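Asks: all I have is the shape, not the residue letters:
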């Protein structure tokens with residue numbers, strides 16, 4: 001029998017018969033490893049434990065501690081979900097069932113929407129199937145046999161997937177749970193060895209969906225769930241979900257009077273008065289940060305002739321995501337989906353010198369992207385939005401210093417919001433434009449800038465944009481969720497497509513490099529993040545209403561109005577609650593609105609010229625002179641602290 005060499009992660013190697021499986025390798029190492037094994041990586045390809053190793057290979061056995069293992073575990077749980085659904089609802093047609101960041105989902109075509117009682121029954125059936133410890137088995141079927149099998153069962157969506165994803169293949173991969181009668185799915189895997197490995201899972205919700213996310217396609221029902229290797233991890237996650245529900249920006253946005261939506265403008269936000277104040281505070285904050293850093297602000301058109309989008313490449317590659325407009329004379333136009341092409345035109349509108357560079361354009365005008373209606377979600381997925389967008393035009397030699405300055409800008413901005421983040425450097429993808437030497441130089445420039453700025457980072461191999469490498473930033477919010485926000489991207493391609501030039505020190509023409517960058521990303525999504533991160537209790541400097549003035553009785557109104565006038569003259573956003581309600585009710589209402597400070601005025605305060613100060617979390621602070629409160633409030637705004645304790649620590 002032929003022998004092969006398997007090399008283990010510690011560098012050791014073993015001679016084993018050809019066809020040995022990763023499960024057998026694990027068993028030879030130790031019974032404990034064999035019991036803990038979930039799947040394996042053979043030469044970095046994820047495979048089942050039953051995969052026959054045919055040639056010399058690097059083998060890594062995946063356990064619960066392996067970074068890829070949870071994805072496999074959740075994918076297998078999605079199959080268990082589908083097996084339960086098809087068992088309980090024999091007419092159900094299966095769509096797709098991937099693992100996602102926080103769990104998994106599976107889409108089904110069924111006669112009626114799922115209800116909560118259905119989820120309970122489905123989860124119960126999943127536990128029954130898991131308890132039977134049924135084997136997951138990969139089988140290779142002839143392509144035509146697979147098409148005929150799924151067609152015969154009425155699984156037209158599976159037939160479509162096989163036709164689209166396996167063209168030219170003689171065989172296709174399917175997985176069974178126990179046997180094809182119990183469950184079978186067109187899938188490349190890998191999966192856990194058996195259903196008995198799946199112990200800690202929970203079905204969470206259902207939603208409407210469409211095949212491939214397109215509202216023109218088959219309507220479906222989606223079931224979401226989550227799974228972990230231990231019940232302790234599952235329970236901790238479920239607690240985070242409950243906390244996330246309390247923080248949901250859609251719920252808090254309505255309760256706090258920030259924004260609303262209407263079916264006649266799907267995916268477009270109606271910003272209410274307090275929401276508009278918050279939006280403008282963020283917009284002006286960004287201007288205050290950028291203008292001293294040498295940025296200039298532009299306002300470019302919202303609609304362009306298709307010639308612009310053809311030049312940028314978006315007409316060929318992005319047109320289906322754009323809103324198209326027909327001119328009166330048959331002119332084809334597209335609404336602006338991003339600012340960069342317009343900024344190219346501004347740069348090219350006059351001759352530039354190397355002395356003009358870096359040239360930094362910033363813009364906050366609205367953008368429109370034709371997102372499918374099925375994916376619109378509050379502020380996080382919209383059709384109309386604005387970005388804190390900028391494009392920095394630099395020479396080749398300026399890349400490093402400009403990126404370093406951008407990194408420090410990101411650090412400063414996120415520091416002002418108290419947001420923790422990590423950076424990822426994404427390198428050259430398999431399909432790219434330009435020369436490898438240019439890519440190597442660009443990636444080296446980004447690495448040096450990250451190192452010089454003292455910014456820790458990880459490498460995201462092959463995940464760069466097709467036109468250049470990039471640095472992405474993930475923010476961790478107050479309950480541990482990741483949000484991808486800032487990005488810094490090098491672009492050699494677009495300035496060439498637009499024929500941009502500057503005159504160098506050698507009096508010759510050169511093409512600039514463009515750095516695309518955003519820190520907030522879209523204002524809409526960043527506001528959603530902030531609402532959920534702060535649970536609606538914005539720090540003083542961000543709060544749409546910073547102070548609530550609460551007179552105890554009507555006879556205190558004149559004094560209260562005078563206090564509000566002084567607060568507003570000092571630049572504070574103050575609200576006078578002049579309703580004929582009891583003071584306890586007014587305080588509770590201000591608390592529910594998460595207003596940072598409440599100032600109470602009664603007979604004593606009016607006589608002494610003072611105010612009684614309450615903080616939304618620390619309660620009664622005591623009586624203060626108004627000038628004393630103003631000084632404290634203005635210092636809190638200046639240091640962007642979250643309250644009296646944070647202010648004291650900051651000072």
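Replies: It's in. Since the structure is predicted, the reported quantities are computational estimates derived from the model, not experimental observations.
Asks: the strands in the stretch 551-651 of the chain, which residues?
Replies: All strands of the stretch 551-651 of the chain, identified by DSSP state E, counting those that start in this stretch, fall at 574-576, 597-601, 610-615, 619-625.
Asks: and these as CSV, adding mean pLDDT?
Replies: Below are these laid out as CSV (pLDDT from 0 to 100):
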stretch, mean pLDDT
strand 574-576, 97
strand 597-601, 97
strand 610-615, 96
strand 619-625, 94
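Asks: among those, which is nearest residue 16?
Replies: Closest to residue 16 of the strands of the stretch 551-651 of the chain, according to C-beta to C-beta: strand 610-615, at 67.8 Å. All C-beta spots, glycine's among them, are computed from the backbone N, C-alpha and C.
Asks: hang on, the earlier thing: right, so the strands of the stretch 551-651 of the chain: which one is the most enclosed?
Replies: Each of the strands of the stretch 551-651 of the chain was given a mean neighbour count from mean count of other C-beta atoms under 10 Å, and the largest, a mean of 24, is that of strand 597-601.
Asks: who are the packing partners of that strand?
Replies: In terms of contacts (3 or more C-beta pairs under 8 Å, 6 or more residues apart in numbering; DSSP states H and E), strand 597-601 is packed against strand 547-551, helix 557-569, helix 583-592, strand 610-615, helix 626-639.
Asks: okay, and for the protein, where does confidence drop off?
Replies: Applying pLDDT under 70 to the chain flags residues 1, 641-651.
Asks: now do the buried residues in the top helix by length along it.
Replies: Across the chain, the longest stretch assigned as helix under DSSP state H is helix 69-88. Residues of helix 69-88 classed as buried by neighbour count (16 or more other C-beta atoms under 10 Å): 69-87.
Asks: who are the packing partners of it?
Replies: strand 93-94, strand 99-100, strand 103-109, helix 116-131, strand 171-177, strand 179-186, strand 200-210, strand 219-228.
Asks: ok now it, how far from the chain's centre?
Replies: On the basis of C-alpha atoms, centre = their mean, to the nearest Å, helix 69-88 sits 25 Å off its chain's mean C-alpha point.
Asks: ok, stretch 454-466 next?
Replies: Chain-centre distance of stretch 454-466: 17 Å, with C-alpha atoms, centre = their mean.
Asks: now the closest residue to residue 146 other than its chain neighbours: how far from residue 93?
Replies: With C-beta to C-beta, 6 or more residues apart in numbering as the criterion, residue 146 has its nearest non-adjacent residue at 4.8 Å, and that residue is residue 172. Using C-beta to C-beta, to the nearest Å, residue 172 is found at 18 Å from residue 93.
Asks: tell me, how many residues neighbour residue 297?
Replies: Residue 297: 15 surrounding residues under other C-beta atoms under 10 Å.
Asks: picking that back up, using a markdown table, lay out the strands of the stretch 551-651 of the chain together with distance to residue 248.
Replies: Listed next are those as a markdown table, based on distance: least, C-beta to C-beta, whole Å:
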| stretch | distance to residue 248 |
| --- | --- |
| strand 574-576 | 25 |
| strand 597-601 | 25 |
| strand 610-615 | 25 |
| strand 619-625 | 27 |
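Asks: report the secondary structure element holding the closest residue to residue 419 other than its chain neighbours.
Replies: Once flanking residues are discounted, residue 419 sits nearest to residue 475: 5.0 Å by C-beta to C-beta, 6+ apart. Element membership for residue 475, per DSSP states H and E: strand 470-476.
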